[in-house]
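Got a predicted structure here, sequence first:
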Amino acid sequence: MARRALTTTATAFAAAAALLLTACGGSGDDKSSDDIKGASDGSSRPSASASGPAGDDRPDVSVPKDLKLVFDFDKPSDAKQAAALSDAENYVRALKHGIAAQDPDDPAYRFYSGAQATQYAKSQIEAWVKGGWTVYGTDKYYDEDVAAMSDGKGVVVSFCRNQAKSYSKDIKTGKVHYTEESADSYQKFRLLMVPPSADSAVWRTVTIEVLGKAQECR
């Protein structure tokens, strides 16, 4: 939950971030999608299986009742960083919404993403659709870190994920494919968020990096 300015120690991710910020100009309407999991109730922000904040013509990002998305995040005191963290959460919700809807072109994740993050979301949803699965269980996200880019043009949001109790469910049979908790249950996410455009209050995810077997998240 440390919050700091992002410097050159972010190496490759920061380099990709700079290129995307230059190319995207702070918004994004590229096509794509992907999968993610989480669980646990946040203290200062609403947890949820419900939808994200209303307004700004935001799309529905609700998920089925048998999937619980838990975001155990502390809200940053800085308004911009708080908004970036909130919409990073909405990107995850939108991705799950697309899987539940079995729609690789679902407008929800497109609303909250651009560039590589859109492609990531789309590819994830396509994989679940191809497998004939939907999401089930409890997915937990926690230990957030919000870092302003040193050039002031974006925010990097990082957090952990525990997917030990998040499973796939066969759409045709309803069978849940339970798995045992393991090193693979823990992941580390880093999302590059670009600021809202002049006609929108939405922070969009343009780059997502997911690291598997994240020991720091255990």
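Received the coordinates, thanks. Predicted model only: the values in this text are computed from it and were never measured. Residues are numbered from 1 along each chain as shown.

If I look at the nearest residue to Lys68 once chain neighbours are set aside, what pLDDT would I see?
Spatially, and ignoring its direct neighbours in sequence, Lys68 is nearest to Thr138 (4.5 Å; C-beta to C-beta, 6 or more residues apart in numbering). (Each C-beta comes from the backbone N, C-alpha and C, glycine too.) You'll see Thr138 listed with a pLDDT of 97.

Paired strands for the helix or strand hosting Thr138, with orientation please.
Counting by DSSP states H and E, the element that carries Thr138 is strand 133-149. If you go by DSSP bridges, strand 133-149 pairs up with strand 3-6 (parallel), strand 67-72 (parallel), strand 155-162 (antiparallel), strand 166-170 (antiparallel).

nearest to Asn90, of those?
strand 67-72 (10.1 Å; C-beta to C-beta).

pLDDT averaged over the closest one - what is it?
Mean predicted lDDT for strand 67-72 stands at 97.

Centre of the chain to it, how far?
12 Å (C-alpha atoms, centre = their mean, to the nearest Å).

Give me the most central residue, this structure.
Among the residues of the chain, the one closest to the centroid is Val92, at 3.0 Å (C-alpha atoms, centre = their mean).

pretty sure it belongs to a helix, no?
Yes - residue state for Val92 (DSSP: H, G, I helix; E, B strand; the rest coil) corresponds to a helix.

ok, Lys80 - contacts?
Counting by C-beta atoms under 8 Å, 6 or more residues apart in numbering, Lys80 makes contact with 148, 155, 195.

Thank you, goodbye.
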